[in-house]
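> 3D, please:
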Amino acid sequence: MTSTYDLSSAEPEMMKENTSRRMGIGGRLREYWLAFKLVFRSLTYNSFTSSSMAIDIAMEPVIWTVEHITKYMGPMMVGMVILLTTFVVVIMYLIVLPESMVRSSYELWIHLIFGQWVMVNILFHYYKSVTTKPGHPPPVVSETGAGGICKKCIGPKPLRTHHCSVCRTCILKMDHHCPWINNCVGHFNHRYFMLFCIYMSIGCIYVTISVWPQFRDEFFDARKTFESLFGDSIFARSMEIYNQAKAADTIRNMNETELVKNGAPLIPPKYTLSFSESMHHKAVVYEFFVCSGVTIALGGLSIWHARLVSRGETSIEKHINDEERKRLSKLKIVYKNPYDFGVRKNWEILLGINVRHRSFIRHVLFPSSHLPERDGVHWINQLTPGYVAKSVP
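This is a model prediction of the structure:
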């Protein structure tokens, strides 16, 4: 009985074996990886899911944590603002003003008039920012103000209204949720928030300039700064012991003639500050660094929000408008912000002085509780029917 060998069936197996041998371990690992990707994507692919949605889902735990921390940290941050502001005002009265009386009576009058005006505006607008409700949509909204339905509140969502995940409600003309006032910045307290930022920035610049002469004398005196920071520390005590030991070694190594001729080396006297001097030094340094730091941080924030107001948009609307501007640019359409009426008109709308019997001096330079012109539900805009028809995809 003769056996036959099928060359046609053996040839592919030999080619496969040779190919596998040439691929090596790296090639096989790559092959396994591609197979795994194919299986994984075939089980998880969804044509209705985008990368943005996947990122949103992945960031959900982080967002949830931030929202809950913000909710509980709000009262603490309000207390921090009140405490820091109180310290600044007390130091101003106890240290800066008395020394101003010695230097110049004109400088004292500037402090008494300008300083009090700024302080009253800061306190008033911060109190109103914290206590004034930003505004919530009514249960029923007419067709002219309707913008849709909130998916979280399951209620009417007027134009320019957005849902705050911290407050868990919709806010009229929402700008953002600010933990420093433990409140949302919306239609009815936007003016208070903006003026608080402006007046606080002005106040911090004023205090920084006023305290600079005393700060220069205190901070750049190396002995005062060292004693204030390290006077009671182990480091200062070690330096004192080192100086004493060094003087003792010098005496020990000197012969009798040198001692008679030059005298024993003196131990450097320890420079000490009294309690009142130490507190004065720390208060001046604290005043300068706190106010200069707030000037930079809050000043930048004020400029950012002032730019938004000048363009007739909120922080949320800026992101929406940027996306809309990109979308319409692809259609060769120039985007128009429907709520931008020009820089001056936009500021008049925010400050509520775009109506009769209201003036900049009375209602902006001095504390005022007047309401905005509109109700936060119905808005006028500059969109034309032709522009709307072109912009609809």
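> helix or strand for the residue lying closest to residue 152 once chain neighbours are set aside, which one?
The shortest distance from residue 152 to any residue other than its chain neighbours is 5.2 Å, reached at residue 163 (CB to CB, 6 or more residues apart in numbering). Glycine gets a C-beta too; all of them are placed from N, C-alpha and C. Counting by DSSP states H and E, the secondary-structure element that holds residue 163 is strand 162-164.
> same thing with residue 147?
Of the helices and strands defined by DSSP H and E, residue 147 is found in strand 146-149.
> ok but residue 373 is inside a helix, no?
No: according to DSSP: H, G, I helix; E, B strand; the rest coil, the state of residue 373 is coil, so it is not within a helix.
> residues touching it, list them.
349, 352, 354-355 (CB atoms under 8 Å, 6 or more residues apart in numbering).
> which of the residues you listed sits closest to residue 110?
residue 352 (30.0 Å; CB to CB).
> neighbours around the closest one, how many?
Using other CB atoms under 10 Å, residue 352 is surrounded by 18 other residues.
> again with the one 3 residues further on
Burial measure for residue 355: 11 neighbouring residues, criterion other CB under 10 Å.
> look up phi and psi at it.
Dihedral pair for residue 355: phi -130, psi 170, per degrees, to the nearest 10.
> nearest residue to it other than its sequence neighbours?
With sequence-adjacent residues excluded and distances taken as CB to CB, 6+ apart, residue 355 is closest to residue 373, at 5.4 Å.
> if I look at that neighbour, how far off is residue 350?
Counting by CB to CB, to the nearest Å, the separation of residue 373 from residue 350 is 10 Å.
> before we move on, what about residue 322?
Using CB to CB, which is the criterion applied here, residue 322 is 21 Å from residue 350.
> need the contact list for residue 349.
Residues near residue 349 by CB under 8 Å, 6+ apart: 312, 341, 372-373.
> would you map the strands across the stretch 151-300 of the chain?
For the stretch 151-300 of the chain, applying DSSP state E, counting those that start in this stretch gives strands covering 156-158, 162-164, 169-171, 176-178, 183-185.
> hmm, residue 135 and residue 171 touching each other?
Yes: Residue 171 is within contact range of residue 135, at 6.7 Å (criterion: CB atoms under 8 Å).
> more neighbours, the two?
Per other CB under 10 Å, whichever of residue 171 and residue 135 has more neighbours is residue 171, with 27 against 23.
> and the helices in the stretch 251-393 of the chain, which stretches?
In chain order, the stretch 251-393 of the chain shows helices spanning 256-262, 275-310, 315-330, 343-351, 360-363, 385-391, with DSSP state H, counting those that start in this stretch as the criterion.
> identify each buried residue in the fourth one, please.
Right, helix 343-351. Taking 16 or more other CB atoms under 10 Å as the basis for neighbour counts, the residues of helix 343-351 that come out buried are 346-351.
> and of these, the nearest to residue 114?
residue 351 (21.3 Å).
> can you point out the buried residues in stretch 299-312?
In terms of neighbour count (16+ other CB under 10 Å), stretch 299-312 has its buried residues at 299, 302, 305-306, 308-309, 311-312.
> cool, stretch 286-295 as well?
Along stretch 286-295, these residues count as buried under the neighbour rule (16+ other CB under 10 Å): 286-288, 290-292, 294-295.
> dump the buried residues of stretch 299-312 to CSV, plus distance to residue 43 and pLDDT.
Supplementary listing: the buried residues of stretch 299-312 in CSV, determined by distance: CB to CB, whole Å; pLDDT from 0 to 100:
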residue, distance to residue 43, pLDDT
299, 53, 96
302, 52, 96
305, 48, 96
306, 52, 97
308, 45, 96
309, 50, 96
311, 47, 95
312, 49, 94
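> so which of the residues you listed is the closest to residue 28?
Minimum separation from residue 28 among those (CB to CB) is found for residue 308, which lies at 57.6 Å.
> give the residues shared as contacts by residue 171 and residue 135.
Going by CB under 8 Å, 6+ apart, residues that sit against residue 171 and also against residue 135 are 186-187.
> give me the low-pLDDT residue ranges for the stretch 201-350 of the chain?
When residues are selected by pLDDT under 70, those of the stretch 201-350 of the chain lie in 221-273.
> how far away is residue 343 from residue 295?
24 Å.
> no, scratch that, I was asking about residue 154
Residue 154 is 45 Å from residue 295, by CB to CB.
> could you do residue 336 as well?
When CB to CB is the yardstick, residue 336 and residue 295 sit 36 Å from each other.
> for residue 334, same thing?
Computed with CB to CB, the distance linking residue 334 and residue 295 is 38 Å.
> that older thread, any chance of the helices of the stretch 251-393 of the chain in JSON lines, with distance to residue 196 too?
Rendered in JSON lines, the data for those read as follows (distance: least, CB to CB, whole Å):
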{"stretch": "helix 256-262", "distance to residue 196": "67"}
{"stretch": "helix 275-310", "distance to residue 196": "9"}
{"stretch": "helix 315-330", "distance to residue 196": "16"}
{"stretch": "helix 343-351", "distance to residue 196": "13"}
{"stretch": "helix 360-363", "distance to residue 196": "15"}
{"stretch": "helix 385-391", "distance to residue 196": "36"}
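> one step back: kindly indicate which of the contacts of residue 349 lies nearest residue 85.
The closest of the contacts of residue 349 to residue 85 turns out to be residue 372 (CB to CB; 26.7 Å).
> and the residue lying closest to the closest one once chain neighbours are set aside, what does it touch?
Setting aside the residues directly before and after it, residue 372 is nearest to residue 352 in space (CB to CB, 6+ apart), at 5.0 Å. For residue 352, the set of contacting residues under the criterion of CB under 8 Å, 6+ apart consists of 191, 358, 363, 370-373.
> mind checking pLDDT for residue 352?
Model confidence at residue 352, expressed as pLDDT, equals 93.
> ok so, going back, out of the buried residues of stretch 286-295, which comes closest to residue 101?
Using CB to CB, residue 287 comes nearest to residue 101 of the buried residues of stretch 286-295, at 17.5 Å.
> was I right about the closest one contacting residue 91?
Yes: counting by CB under 8 Å, residue 91 is a contact partner of residue 287 at 4.9 Å.
> ok, residue 202 to residue 100 distance?
Here residue 202 is placed at a distance of 18 Å from residue 100 (CB to CB).
> understood, closing this out.
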